[in-house]
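*Asks:* Fold the following.
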Amino acid sequence: MIDKTVANVAEALKEVQDGATVLIGGFGTAGIPEALIDGLIEQGARDLTVVNNNAGNGDQGLAALLKTGRVRKIICSFPRQADSYVFDELYRSGKIELELVPQGNLAERLRAAGAGIGGFFCPTGYGTELAKGKETRQINGRWYVYETPIHGDVALIKAEAGDRWGNLTYRKAARNFGPVMAMAAKQTIATVYELKELGELDPENIITPGIYVKKVVQVPRVATQAGGF
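*Replies:* Below you'll find the predicted structure:
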């Protein structure tokens with residue numbers, strides 16, 4: 001019998017190793033897997049490479065993970081905002097490496113990893129610092145930059161509901177990078193607010209099929225600044 005549910009967050013995260021590349025879903029505060037990030041802080045893995053759209057807000061969630069000093073590098077598209085002072089301090093003091101990736105490129109590099117694509121050409125970034133050291137090519141009169149996939153050792157994502165096979169649905173904007181990250185990682189760990197019986201989820205509404213998910217852990221719903229996303 002296939003059952004991917006685990007009893008708690010600690011059990012779900014016990015296999016995350018030092019040096020791992022961790023894909024963390026979320027866009028700002030929407031869809032951030034807070035319970036899994038807090039669990040990763042407790043778990044203690046270090047020398048991590050983290051991939052997220054942002055670089056943390058305030059002192060919670062991703063910012064709290066950065067504050068531990070256990071993240072060596074972050075790959076993101078929007079590292080600085082009004083309350084990204086944790087990242088800002090680490091970056092200015094040379095304690096964290098940043099790879100800046102335009103948002104569309106970030107999504108497509110993750111999707112390419114999940115789809116088994118070796119790389120792709122994209123016009124975004126051509127002629128800027130972001131294209132330095134990368135192959136460029138003119139195609140039909142327009143210049144393109146060669147981009148490579150972003151593979152993860154583990155993806156931490158926040159879903160709305162799931163079943164024991166690992167099938168997942170999301171809530172509105174909280175979906176964001178979750179589906180492509182789930183496909184791009186060697187193992188995907190997902191939290192759900194609702195754990196459904198097999199057959200309860202409408203197949204037409206399943207966004208991430210269970211084949212991409214290794215572990216599912218149910219967590220209590222807690223309202224956040226993003227309206228409970």
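*Asks:* ok, the closest residue to residue 208 other than its chain neighbours - contacts?
*Replies:* Nearest residue to residue 208, sequence neighbours excluded (Cβ to Cβ, 6 or more residues apart in numbering): residue 168, at 4.1 Å. (Each C-beta comes from the backbone N, C-alpha and C, glycine too.) Residue 168 is in contact with 157, 159-162, 178, 182, 190, 192, 206-208, 210, 213, 216, counting by Cβ atoms under 8 Å, 6 or more residues apart in numbering.
*Asks:* now the residue located most distally from the centre of the chain: how far from residue 123?
*Replies:* Within the chain, residue 141 marks the point farthest from the mean C-alpha position, 34.9 Å out by Cα atoms, centre = their mean. Separation of residue 141 from residue 123 (Cβ to Cβ, to the nearest Å) stands at 11 Å.
*Asks:* And residue 13, by the same measure?
*Replies:* Applying Cβ to Cβ to residue 13 and residue 123 gives a distance of 39 Å.
*Asks:* try residue 22
*Replies:* Relative to residue 123, residue 22 is positioned 29 Å away (Cβ to Cβ).
*Asks:* Name the residue in residue 13 and residue 123 with the higher neighbour count.
*Replies:* residue 13 (24 against 12; other Cβ atoms under 10 Å).
*Asks:* I'd say the more buried one and residue 43 touch.
*Replies:* Yes: Residue 13 is within contact range of residue 43, at 4.8 Å (criterion: Cβ atoms under 8 Å).
*Asks:* Could you pull out the strands in this protein for me?
*Replies:* Ranges of strands in the chain, per DSSP state E, are 21-24, 48-51, 71-76, 97-100, 120-122, 136-139, 142-147, 152-158, 161-163, 168-169, 185-192, 194-196, 215-218.
*Asks:* need the contact list for residue 96.
*Replies:* When contacts are counted by Cβ under 8 Å, 6+ apart, residue 96 touches 66, 71, 72, 73, 74, 87, 90.
*Asks:* Go through those residues and name the one nearest residue 18.
*Replies:* Residue 18 lies nearest to residue 72 out of these, by Cβ to Cβ, at 10.0 Å.
*Asks:* Quick check: chain neighbours aside, which residue is closest to that closest one?
*Replies:* Distances taken as Cβ to Cβ, 6+ apart put residue 47 closest to residue 72, at 5.1 Å, once the chain neighbours are dropped.
*Asks:* Out of the contacts of residue 96, which comes closest to residue 110?
*Replies:* The closest of those to residue 110 turns out to be residue 74 (Cβ to Cβ; 14.6 Å).
*Asks:* so what's the nearest residue to the closest one once chain neighbours are set aside bridging to?
*Replies:* Leaving aside its chain neighbours, residue 74 sits nearest to residue 50 (5.0 Å; criterion: Cβ to Cβ, 6+ apart). Beta bridges link residue 50 to residue 22, residue 74, judged by DSSP bridges.
*Asks:* No more questions from me, cheers.
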